[in-house]
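*Asks:* Based on what follows, work out the 3D shape:
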Amino acid sequence: MWAQGERRLSVDEYRNRMKGGWIGQIIGVVWGSPTEFKFNDAIIPEDKVPAWTLWKTFDVSRTGAPKLSVTLANHGTGDFTFVARVNGKEVARHKISGEPPIWRTVTVDLAPYAGKTVSLELVNQPDGWFYEAAYWGEVEIKNAER
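*Replies:* Numbering: from 1, shown residues only. Next up is the predicted model:
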């Protein structure tokens, strides 16, 4: 007899839930692979915390006023540092914080790279290890006429 509040699962339902748990575990290990099992029984040193980076290579327009526009926000009471690099050179660095979180737009002038193929990196750089999730809104290359 089953006690009140207990529920019996069929073998198929149990297997389905078990597979879901394993898939979640696998995703977690892959997502955390930069640090997985490297700092057992220790807090990750701040200089070893991995930054999460979006990147793309593209051609910057020869004409107009090319600009990068990135809209982002922090998570809850957390914060992070947003870094933008063009061809490995830092072109923007902004502390993103606020309670409640506020969507903000960071703009970077790409005119110095007009007519060139560039590699762009947008980085969520942890800086205090406290709710450092970045919410990414729009990432856009704009080319307004001069």
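*Asks:* Buried residues, stretch 72-85. List them.
*Replies:* Leu72, Ala73, Asn74, Gly78, Asp79, Phe80, Thr81, Phe82, Val83, Ala84, Arg85 (16 or more other Cβ atoms under 10 Å). Where C-beta positions appear, they are placed from N, C-alpha and C, glycine not excepted.
*Asks:* Bridging across strands, which residues link to the last one?
*Replies:* Here Arg85 sits in beta bridges with Glu90, Glu121, as judged by DSSP bridges.
*Asks:* can you check the third one too?
*Replies:* Following DSSP bridges, Asn74 is listed with bridge partners Ala134.
*Asks:* pretty sure it is touching Phe80, no?
*Replies:* Yes: between Asn74 and Phe80 there is a contact under Cβ atoms under 8 Å: 6.2 Å.
*Asks:* Overlap of the contact sets of those two?
*Replies:* Taking Cβ atoms under 8 Å, 6 or more residues apart in numbering as the criterion, Asn74 and Phe80 both touch Ile96, Ser97, Ala133, Ala134.
*Asks:* check contacts around the residue lying closest to the third one once chain neighbours are set aside.
*Replies:* Which is Ala133. Distance criterion Cβ to Cβ, 6 or more residues apart in numbering; nearest residue to Ala133, sequence neighbours excluded, is His75 at 3.9 Å. Going by Cβ under 8 Å, 6+ apart, His75 touches Pro101, Tyr131, Glu132, Ala133, Ala134, Tyr135.
*Asks:* Quick check: closest non-adjacent residue to the last one.
*Replies:* Just to be clear, that refers to Tyr135. Ala73 (4.5 Å).
*Asks:* Tell me how far that neighbour lies from Pro112.
*Replies:* 28 Å (Cβ to Cβ, to the nearest Å).
*Asks:* one step back: quick check: the farthest pair among the contacts of His75?
*Replies:* Pro101 and Glu132 (12.4 Å; Cβ to Cβ).
*Asks:* Same question for Val139, what's its three-state structure.
*Replies:* strand (DSSP: H, G, I helix; E, B strand; the rest coil).
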